[in-house]
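# Take a look and give me a structure for this.
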Amino acid sequence: MIKPFVALLCVVVAASCFADEPGPHYKLEDQTKPDNQFEFFGEPHIDIVKEVYRRTDEGSPVFKIVLSSLADSSKKELLFAYDRAADADLSPDGKWFVINDRPGRGQCEPRLFKQERGLKFTEVKESKIQQKAIDFFTRYNKFPESIRKQLIGKSDCFVESTLWSDDSNSLLLRISKGQTGEPIWIYDWRCIYDLKTGDLSTDLKILNRGSILPGKYLVPNEATNGRKK
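Numbering: from 1, shown residues only. Here you go, the predicted structure:
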């Protein structure tokens, strides 16, 4: 016969194996598992599943992005909580997340998160991607300071991360601004943010770093009749 305090201890230990996230009143809406091609191309195994939960009552936050372990689904960590709209994109090496945070209509700010360990990611607040992108846009196009001031903090100036470079060191950004009577209208102007330096550029070759694989990964095709070139 198991004594009462022993049974209680077993329940406590078992409960501690499961994460607190996403918490009560949340229902799973979407789940994204690691891409199988990572392992085929020789990348390190990524044990991160992205889950999006929606609150079922009237409370806040309405949504949560929770990270789960592919090997053990009971392990979970909160990545980001929000009330309106957001999406999270994992870097190819599995060490970074960029979140496009859309707190209001016409608003978007990329927020960078770095892996501390396992499923734990922390926001890199000093990255300030949105502000740096607008600063770079005005300098590159030789606009006056008055234009930069009008873009910073405007609800209709939209900065979005659209693509990771294959080496996980850069992000392709898209800047847009609606026609609201202001001096300029920006339609999908693109630039590249470098995670290592914090600098921006329009140099496309930065995105191509790490995109070409060694010949040992190439599979013979009909054009070569199975022979190596």
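# Show me the strands in the chain, by range?
26-32, 49-55, 63-68, 76-82, 85-90, 96-102, 109-117, 120-123, 157-164, 170-177, 186-194, 200-201 (DSSP state E).
# So what are the sheet partners of the third one and their directions?
Each strand pairing with strand 63-68, determined using DSSP bridges, is listed with its direction: strand 49-55 (antiparallel), strand 76-82 (antiparallel).
# Quick one: these as CSV, columns for mean pLDDT too.
Below are the strands paired with strand 63-68 laid out as CSV (pLDDT from 0 to 100):
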stretch, mean pLDDT
strand 49-55, 96
strand 76-82, 97
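# Of those strands, which is nearest residue 139?
strand 76-82 (30.5 Å; C-beta to C-beta). Heads up, the C-betas are built off the backbone N, CA and C, glycines and all.
# For that closest one, list every residue counted as buried.
By neighbour count on 16 or more other C-beta atoms under 10 Å, the buried set for strand 76-82 is 76, 77, 78, 79, 80, 81, 82.
# and the residue nearest to residue 30 when sequence neighbours are not counted, how many neighbours?
Closest residue to residue 30 apart from its sequence neighbours, by C-beta to C-beta, 6 or more residues apart in numbering: residue 52 at 4.2 Å. Counted with other C-beta atoms under 10 Å, the neighbours of residue 52 add up to 20.
# Nearest spatial neighbour of residue 111, chain-adjacent residues omitted?
Sequence neighbours aside, residue 99 is the residue nearest to residue 111 in space, at 4.6 Å (criterion: C-beta to C-beta, 6+ apart).
# Spit out the contact partners of that neighbour.
Listed by C-beta atoms under 8 Å, 6 or more residues apart in numbering, the contact partners of residue 99 are 65, 79, 80, 86, 87, 88, 89, 110, 111, 113.
# Could you verify my assumption that the second one touches residue 88?
This points to residue 79. Yes - the pair residue 79 / residue 88 is scored as a contact, 6.3 Å apart, by C-beta atoms under 8 Å.
# Now for these two: what residues contact both?
Common neighbours of residue 79 and residue 88 (criterion: C-beta under 8 Å, 6+ apart): 50, 65, 97, 99.
# in the sheet, who's paired with the third one?
Which is residue 97. Residues in a beta bridge with residue 97, per DSSP bridges, are residue 90, residue 113.
# Would you mind measuring the gap between the ends of stretch 145-165?
31 Å (C-alpha to C-alpha, to the nearest Å).
# meant to ask about stretch 89-97, not that
Note: stretch 89-97 ends 5 Å apart using C-alpha to C-alpha.
# List the buried residues of that stretch.
Buried residues in stretch 89-97 (16+ other C-beta under 10 Å): 89, 90, 91, 92, 93, 94, 96, 97.
# same check, this time on stretch 105-119
So stretch 105-119, judged by 16+ other C-beta under 10 Å, has buried residues 107, 108, 109, 110, 111, 112, 113, 115, 119.
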